[in-house]
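*Asks:* Give me the fold of what follows.
(one chain, ligands or ions: 2)
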Amino acid sequence: MSTHQRVALVTGGTGGIGTAICQQLIKTGLQVVAGYSHGGDSSYALTWQKEQADLGYEIGIVYGDVSNFESCTAMVDEIAAKFGAIDVLVNNAGITKDTMFKKMSVTDWQAVMRIDLDSVFNTTRQVINGMIDRNFGRIINISSINGQKGQFGQTNYSAAKAGMHGFTKALAQEVAAKGVTVNTISPGYVLTDMVKKVAADVMEKIIAQVPVGRLAEPNEIARVVTFLAAEEAGYITGANIAVNGGQHMY
Ligand code: CAA
Ligand code: NAP
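*Replies:* Ligands and ions are numbered 1, 2, ... in the order given. All right, here's what the predicted structure looks like:
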């Protein structure tokens, strides 16, 4: 058991699921830093940080556009200077650009591939050597049920999210002997800004397909992140953990 305070970076940390992840990781004793982009609007992130502090959660914030490698280098360098080396990386930032493939623009394809998939390279590549050197690391990739089963209107998102788990399985093999685990979590539908964009009639049909009969709470996803981030989770690697209310079983 290590005595120094582990440092976690949660990308998209100020978002719906990201906020719950930050809060729960703090409760397990980690120093937590939330990555944000928000068009570079630091006032948004500072307001979020103040709200969290008022709730008792002291969370660092750092700017980083996960679709840009150099921006991720700067983000990780800033965290190293202010908080120390990253022990736990949660690749949680993501977007949707839903439309039927026959109407999809190259811009909407590329935006999703860059933010949802290239991001995993851009962030993980910055931290992996340090984790290997220190013989400890936890990489947790937030994928989606729709990367597993596909979804009408989401060829870009389903491809990117499926790609995340391919990455997980390959990297898990490379770093397993070095105390570094790499896992995927595949949530079902969670009520955040991302899901609020889906038309109400479409959502009604989706909820009807969920045996649990409701959307997930962000905390129900965050619970699995803390489980995988724990020291005791060292034997779980290359896994893809579904948290989908029974909507997709395989
Ligand atoms: N299966 C089969 N056919 C479908 C369908 C489905 N699931 N959904 C729509 N269609 C059909 C419609 O019946 C319609 O048929 P007709 O032309 O014969 O009438 C045709 O496809 C076009 O449908 P729309 O008019 O609805 O098309 P649109 O362009 O307005 O909307 C869409 C397309 C935006 C992709 C919409 O279908 C949609 O929102 N789908 C849901 C996408 C979704 O689940 N996104 C999840 C976002 S949250 C997230 O991603 C988080 C996560 O990881 C879970
Ligand atoms: P959300 O509230 O919209 O959060 C998305 C986060 O991603 C935001 O905090 C956003 O930060 C960040 N982000 C977007 N583009 C970025 C960029 N270029 N650089 C850095 N950060 C960026 O949605 P959410 O539901 O919490 O989603 C979190 C993750 O869960 C996503 O990967 C999503 O695909 C996945 N997921 C969600 C659901 C669901 O039903 N909600 C289900 C399965 C999986 P800024 O605002 O600061 O840019």
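
*Asks:* pretty sure Ala239 contacts Asn183?
*Replies:* Yes. Assessed by CB atoms under 8 Å, Ala239 is found in contact with Asn183 at 4.9 Å. Yep, even glycine has a C-beta here, placed from its N, CA and C like the rest.

*Asks:* what are the ranges of the strands in this protein?
*Replies:* Listed in chain order, the strands of the chain (DSSP state E) span 7-10, 31-36, 60-63, 88-91, 137-142, 180-187, 240-243.

*Asks:* packing partners for the longest one?
*Replies:* If I follow you right, that is strand 180-187. helix 119-134, strand 137-142, helix 145-149, helix 155-175, helix 218-229, strand 240-243 (3 or more CB pairs under 8 Å, 6 or more residues apart in numbering; DSSP states H and E).

*Asks:* hang on, the earlier thing: neighbour count winner among Ala239 and Asn183?
*Replies:* Asn183 (24 against 16; other CB atoms under 10 Å).

*Asks:* I'd say the more buried one and Tyr235 touch.
*Replies:* No. Asn183 is not in contact with Tyr235 according to CB under 8 Å; the separation is 11.3 Å.

*Asks:* who's in contact with the most centrally placed residue in the chain?
*Replies:* Nearest to the geometric centre of the chain sits Asn92, at 1.6 Å (CA atoms, centre = their mean). Neighbouring residues of Asn92 by CB atoms under 8 Å, 6 or more residues apart in numbering: Val10, Thr11, Gly12, Gly13, Gly15, Ile17, Gly18, Ile21, Ile142.

*Asks:* Need the residues you listed in TSV (columns: neighbour count).
*Replies:* As requested, those are arranged in TSV below (neighbours: other CB atoms under 10 Å):
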residue	neighbour count
Val10	31
Thr11	29
Gly12	25
Gly13	29
Gly15	23
Ile17	27
Gly18	27
Ile21	32
Ile142	26
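
*Asks:* Just give me the neighbour total for the residue of the chain found nearest ligand 1.
*Replies:* Scanning the chain for the residue nearest ligand 1 gives Gly153, at 2.1 Å (criterion: CB to the nearest ligand atom). Using other CB under 10 Å, Gly153 has 18 neighbouring residues.
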